[in-house]
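Asker: could you work out the structure for the sequence below:
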Amino acid sequence: METALTTPHNLIDTTIAREGTTYVLVHGAWHGGWCWKTVAQILRAHGHQVFTPTLSGLGERAHLLSKAIDLSVFIQDVVNVLEYEDLTDVVLVGHSFGGLPITGAADRAPRRIRQLVFLDAVVLEHGQTAFSRLAPEIVAGRIAQSNETSGGLSIPVPPASAFGVFEPSQVALLERNCTPHPLKTFVDPMMLNGPVGGTIPKVYIQCVDPVYEPLQASRDFVRAQEDWAWDEVETGHDAMISAPEALAAKLLRYAS
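Answerer: This next block holds a predicted model:
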């Protein structure tokens, strides 16, 4: 098991982040900007600016859930933060499903982004869908759950254990705040003008304790690339919940 940051092409300096770094942290499926609260507090305490947008139809925006929410809406959610806040030199982080909107945003607004961080994330190439990266039995199960619970509108929230979260207060946080996820975002293809992330420096952080198995196809893709760095964090899939201090320390290093 690898534990050290690997930089085959010297993409990332591991010194502490310079002051004034801007982070945009994008959550995964069923979550919202709320899940980054502790990580954001740590980064801000180090003098950095942090944005934690909530994607349409989730979290405090759950009242907007509709069949009109597709992957392009999620991507626009992130692009709008970059553009309307006039952000540049951004460290753009995507957790899990958040890997999709940050990939799309990097394709549309590459000059605003300094570094891409894929935190135990789904990684798609042009024309692929989130479901195309999952095992057929997982896809069938999620579609069946969606049809049973919402007529195909959304996928219900999995148990906290699915995210590698077991500590009672953390489980309660997820059970209280997670919301059904728009199904259409899983079936929409990623539309890109070039390779994933283009020439922006990219790092993939795998959560290794326990390993989140549905992401294996994405990890295999990253491992086959020559221009991606790799790192690991010793916690479960929801690292921002189960190990916020360790995750924040990683993000501070990658920002330099």
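
Asker: check what pLDDT the residue positioned nearest the centre of the chain gets.
Answerer: For the chain, the residue nearest the mean C-alpha position is residue 95 (2.0 Å; CA atoms, centre = their mean). pLDDT for residue 95: 98.

Asker: how about residue 101?
Answerer: In this model, residue 101 is scored at 98, pLDDT.

Asker: all strands of the protein, in order?
Answerer: Assigned by DSSP state E, the strands in the chain fall at 22-26, 49-51, 90-95, 113-119, 154-155, 181-182, 202-207, 228-233.

Asker: export the ones you listed to CSV and tack on distance to residue 130?
Answerer: (Glycine included, C-beta is placed from N, CA and C.) Shown next, in CSV, are the strands of the chain (distance: least, CB to CB, whole Å):
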stretch, distance to residue 130
strand 22-26, 14
strand 49-51, 23
strand 90-95, 13
strand 113-119, 14
strand 154-155, 11
strand 181-182, 10
strand 202-207, 17
strand 228-233, 19
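
Asker: the spatially closest residue to residue 245 that is not a sequence neighbour: neighbour count?
Answerer: Counting by CB to CB, 6 or more residues apart in numbering, residue 245 lies nearest to residue 42, which is 6.7 Å off, once chain neighbours are set aside. Residues within reach of residue 42, counting by other CB atoms under 10 Å, total 18.

Asker: so who does residue 42 touch?
Answerer: 244, 245, 248 (CB atoms under 8 Å, 6 or more residues apart in numbering).

Asker: next: residue 250.
Answerer: Applying CB under 8 Å, 6+ apart, the residues near residue 250 are 205, 231, 233.

Asker: quick one: the second one and residue 240, what's the gap?
Answerer: Going back to what we said before, that points to residue 231. 15 Å (CB to CB, to the nearest Å).

Asker: same deal with the last one?
Answerer: Residue 233 sits 10 Å away from residue 240 when distances are taken as CB to CB.

Asker: test my guess that residue 127 contacts residue 189.
Answerer: Yes - using CB atoms under 8 Å, residue 127 is in contact with residue 189, at 5.1 Å.

Asker: which one of those two has more residues nearby?
Answerer: residue 189 (15 against 10).

Asker: quick one, phi psi at that one?
Answerer: Torsion angles at residue 189 (phi, psi; degrees, to the nearest 10) stand at phi -80, psi 150.

Asker: next one: residue 167
Answerer: phi -70, psi 130.

Asker: name the nearest residue to it, sequence neighbours excluded.
Answerer: residue 242 (7.0 Å).

Asker: what about the one you found, how many neighbours?
Answerer: Residue 242: 21 surrounding residues under other CB under 10 Å.

Asker: now do residue 75
Answerer: Around residue 75 there are 25 residues (other CB under 10 Å).

Asker: next, the contact list for the closest residue in space to it that isn't next to it in sequence, please.
Answerer: Distances taken as CB to CB, 6+ apart place residue 104 nearest to residue 75, at 3.3 Å, with adjacent residues excluded. Counting by CB under 8 Å, 6+ apart, residue 104 touches 71, 72, 74, 75, 78, 79, 190, 191, 192.
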